[in-house]
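Q: Got a sequence here, can you model it:
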Amino acid sequence: ESMPITPEIHSEIERWLSAASRSYPVSGVEHKRHCVVILAESFEGWMLERNVEGKEVTPYLNRWLKDSCTLYAPRVQTQVRGGRSIDAQLLVNTGLLPIANGAYSIRFPNHRYPSLAKALKQACGEKGRMVGMTSDKRIVWNQQGVAMAFGFDRLYDEKSFTKEERMGVKKRVGDYPFLQQCAEKIAEEIAGSGDSSRCFFQLVTYSGHGPFIIPDEYKRISFSPGMPEVLNNYLTAANYTDYAIGKFIERLQEEGLFDETMIVVTGDHEGLAYLRQSLCETKEGGGLVSPFEYTPFIVINSPVGMRYEKVMGQVDIYSTLLDLTGLDDYGWKGMGQSILDPSHLGVAAIWNLTIAGDTTGICPEAIERMKQSWRISDLMIRGDYFRSDF
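A: Sure thing, here's the model as predicted:
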């Protein structure tokens, strides 16, 4: 249950926070007015920039990866826990790590959370607007409660979307029509918000949900019968989502919104779970499927174009987005570290306290502090640490 913050716990949290190193200036970042974050269901990074059986799996995103205004980090260590998809929203929106047991969205939806939305409102007042869009029901993982806790102005859920290209166990709207309808709503929201507004959007896709079955009539790629079925399905689903995202960006261009909008694409978490090991051992999967739980972090129309090849954590996305959106004056910088920070360690701590990435040359204290971030974040969320400030 929620746990009061004793003086001892309080000083433990303060000690951890005071050791943060954030001395770099992010000067001259010309941030875009609007921001769209796409959380792509179960989307991993290894199939980007890859041809399989001579076919490009993600042609639309690949084209953007070549753009000089794209920031790309292929190795984002998944850090979700029991809340899975809703944990991804915590990591990206608040820069906090998931709690040790259960899901914060069910256990502590009424606690206070710092967030990108609140940073936006602090900077822009009434002119800042944050809108969520999901093809799921708002009660799933208590998304409605989370949207309110994070300071969203509005959440569009399944009732707001025409169910075309239905897929998945729940027969949700497919990613292509979903993102097309999102683009319409984004245009309406921006038009309705007035000239000097800044609007942020979070779009949560669904078609990549396991077991990754795309109905035949919506498949845009096919592989030989010799390929392991789950790998075939996974690649086919990733290809469909790539198409949906590519066409979404084209739609923003047609609406005249692209030039002033930064578009973030990342996976909510890895997708292959317990199947990974066996797929890596097949002829087709070996050398293709990554043995690691990495999702990509892609920022199109970024004020800073770069490739970050080292490992980062999902929790670092929040800190990086504060920098890229020009909201780095906000009081809560997150448990992670922006990859624009030259001192970013290039590693990430997993919930079981193993470290992803190359620790060569990193001082043991820094690694220890990174491991402690899981306990500190758990104490902060359970103890409602932010109640007084955010």
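
Q: After the top helix by length along the chain, which helix or strand is next? Please name it.
A: In terms of residue count, the longest helix belonging to the chain (DSSP state H) is helix 229-254. Using DSSP states H and E, the helix or strand that follows helix 229-254 in sequence is strand 261-267.

Q: That next one packs against which elements?
A: Counting contacts by 3 or more Cβ pairs under 8 Å, 6 or more residues apart in numbering; DSSP states H and E, strand 261-267 is packed against strand 34-40, helix 229-254, strand 294-300, helix 315-324. (Glycine included, C-beta is placed from N, CA and C.)

Q: List the buried residues for the longest helix of the chain?
A: By 16 or more other Cβ atoms under 10 Å, the buried positions in helix 229-254 come out as 230-246, 248-249, 251-252.

Q: now the angle between strand 261-267 and that helix, please.
A: Helix 229-254 runs at 170 degrees relative to strand 261-267, counting by axes from the mean of the first three to the mean of the last three Cα atoms, to 10 degrees.

Q: What are the buried residues along stretch 379-390?
A: The neighbour-count check on stretch 379-390 (16+ other Cβ under 10 Å) flags 379-386, 390 as buried.

Q: and what of stretch 253-262?
A: Result for stretch 253-262 [16+ other Cβ under 10 Å]: buried residues 257-258, 261-262.

Q: Contacts for it, please.
A: Stretch 253-262 is contacted by residues 31-36, 183, 186-187, 190, 249, 252, 299-303, 324-325 when judged by Cβ atoms under 8 Å, 6 or more residues apart in numbering.

Q: which of those count as buried?
A: For the contacts of stretch 253-262, buried by 16+ other Cβ under 10 Å: 31-32, 34-36, 183, 186-187, 190, 249, 252, 299-303, 324-325.

Q: any chance of the buried residues of stretch 379-390 in JSON lines, with distance to residue 89 too?
A: Shown next, in JSON lines, are those (distance: Cβ to Cβ, whole Å):
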{"residue": "379", "distance to residue 89": "20"}
{"residue": "380", "distance to residue 89": "17"}
{"residue": "381", "distance to residue 89": "13"}
{"residue": "382", "distance to residue 89": "18"}
{"residue": "383", "distance to residue 89": "21"}
{"residue": "384", "distance to residue 89": "18"}
{"residue": "385", "distance to residue 89": "19"}
{"residue": "386", "distance to residue 89": "16"}
{"residue": "390", "distance to residue 89": "16"}
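
Q: Out of the residues you listed, flag the one nearest to residue 126.
A: The closest of those to residue 126 turns out to be residue 390 (Cβ to Cβ; 18.5 Å).

Q: out of the buried residues of stretch 253-262, which one sits closest to residue 210?
A: Using Cβ to Cβ, the shortest approach to residue 210 within the buried residues of stretch 253-262 belongs to residue 262, at 29.8 Å.

Q: Could you report the separation of that closest one from residue 200?
A: According to Cβ to Cβ, to the nearest Å, residue 262 and residue 200 sit 9 Å apart.

Q: list residues touching both of those two?
A: By Cβ under 8 Å, 6+ apart, the residues touching both residue 262 and residue 200 are 34-36, 325.

Q: Widest-spaced pair of these?
A: 36 and 325 (11.5 Å).

Q: shared neighbours of those two, which are they?
A: Counting by Cβ under 8 Å, 6+ apart, the shared contacts of residue 36 and residue 325 are 200, 262.

Q: For burial, what's the neighbour tally of residue 192?
A: Residue 192: 10 surrounding residues under other Cβ atoms under 10 Å.

Q: before we move on, what about residue 268?
A: Residue 268 has 27 nearby residues by other Cβ under 10 Å.

Q: And the closest residue to it other than its chain neighbours, how far from residue 9?
A: The shortest distance from residue 268 to any non-neighbouring residue, by Cβ to Cβ, 6 or more residues apart in numbering, is to residue 88 (3.7 Å). To residue 9, residue 88 is 27 Å away according to Cβ to Cβ.

Q: the more surrounded of the two?
A: Set residue 88 next to residue 9 and count neighbours by other Cβ under 10 Å: residue 88 wins out with 24 against 17.

Q: Can you say which helix or strand has that one in it?
A: helix 85-94.

Q: before we move on, what about residue 99?
A: With DSSP H and E as the test, residue 99 turns up in no helix or strand.

Q: what sits against it?
A: Counting by Cβ under 8 Å, 6+ apart, residue 99 touches 81-82, 107-108, 377-378, 381-382.

Q: if I read this right, residue 150 contacts residue 95, doesn't it?
A: No - applying Cβ atoms under 8 Å as the test, residue 150 and residue 95 come out as separate, 11.6 Å apart.

Q: Could you report the separation of the closest residue to residue 282 other than its chain neighbours from residue 142?
A: With sequence-adjacent residues excluded and distances taken as Cβ to Cβ, 6+ apart, residue 282 is closest to residue 228, at 5.5 Å. In this view, residue 228 and residue 142 are 36 Å apart by Cβ to Cβ.
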